[in-house]
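Student: Task: produce atomic coordinates for the following.
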Amino acid sequence: MTTAAQTRAIHSIRRASPQFTEEDYRDLLKREFRASSSKTLSERQAAKLIEMLKVTCGQSAYRGAAVTAEGPYAGKLRALWMSAHNLGLVRSRDDRAMMAFVKRQTKIEHTRFLVEPAAAMKAIEALKKWISRDGGVSWPAVDAEPSETKRIVAMAVARRCIEAGAFRPFAEASLDSDLERYAFRCGGFPASFEFYQAEHWDRLANRLGARLRAKLADRDRQAA
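Tutor: Residues are numbered from 1 along each chain as shown. Below is the predicted model:
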């Protein structure tokens, strides 16, 4: 059975990633272990769950001191980094990892010093190109509504889930309707994409991203 130390580790990892919801956690337990609670897992299964949660929630073996992105472009960069995370392109969603990418592009140590538009756009465009090339995102026009951009990202995450076997629609033509039903059953989503706002697309991308990361992590373990 799951040990007390494992139970504490599971809940600690979950608390550190508020975007990984209770519904995401229950879905992971059901999908990977056919269980409704971690208490029913064997010690070996609990160890596997902990490793899956570390990957899904973006924790590395060494976290170090907390680093928080700041500055006028931090929000844009963080949103793009979260998109890359949900698409399975990066393992860690932490600001530390995102700022390491920014430093490679701009030679600037921290986003608080990223104030020149030219330098900021270099990092932003590099990230967008990477997400487009490896994540299959076709960015809309620059004047598109935020909800449209987020819809495009969420649908790209859905396609990546299908490719990885983390989500299976009845048919390609039914992807929209199957995703609508899936989200609605999860709770907190409108019954139709017609009524989605930007926050709904973000939440759907986060939920699908958790499924994708778990599936990719499982593949990595099987290949090791």
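
Student: Identify the residue spatially nearest to Arg96, adjacent ones excluded.
Tutor: Spatial nearest neighbour of Arg96, chain neighbours left out: Val67 (4.2 Å); criterion: Cβ to Cβ, 6 or more residues apart in numbering. Using the backbone N, CA and C atoms, a C-beta is placed for each residue, glycine as well.

Student: what secondary structure does the one you found sit in?
Tutor: Of the three states, Val67 takes coil under DSSP: H, G, I helix; E, B strand; the rest coil.

Student: Could you pull out the helices in the chain for me?
Tutor: Counting by DSSP state H, the chain has helices at residues 4-15, 22-33, 43-56, 74-86, 95-106, 117-135, 146-164, 175-186, 198-223.

Student: Could you report the pLDDT at the spatially most central residue of the chain?
Tutor: Against the mean C-alpha coordinate of the chain, by Cα atoms, centre = their mean, the closest residue is Asn86 at 2.9 Å. At Asn86, the model reports a pLDDT of 96.

Student: Settle this for me: it is touching Ala158, isn't it.
Tutor: No. Contact between Asn86 and Ala158 fails when scored by Cβ atoms under 8 Å: they sit 10.2 Å apart.

Student: what sits in contact with each of the two?
Tutor: Leu208 (Cβ atoms under 8 Å, 6 or more residues apart in numbering).

Student: circling back to that earlier point, now the helices of the chain in TSV, with distance to Ser192?
Tutor: Output for those, formatted as TSV (distance: least, Cβ to Cβ, whole Å):
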stretch	distance to Ser192
helix 4-15	31
helix 22-33	20
helix 43-56	28
helix 74-86	22
helix 95-106	33
helix 117-135	26
helix 146-164	13
helix 175-186	6
helix 198-223	11
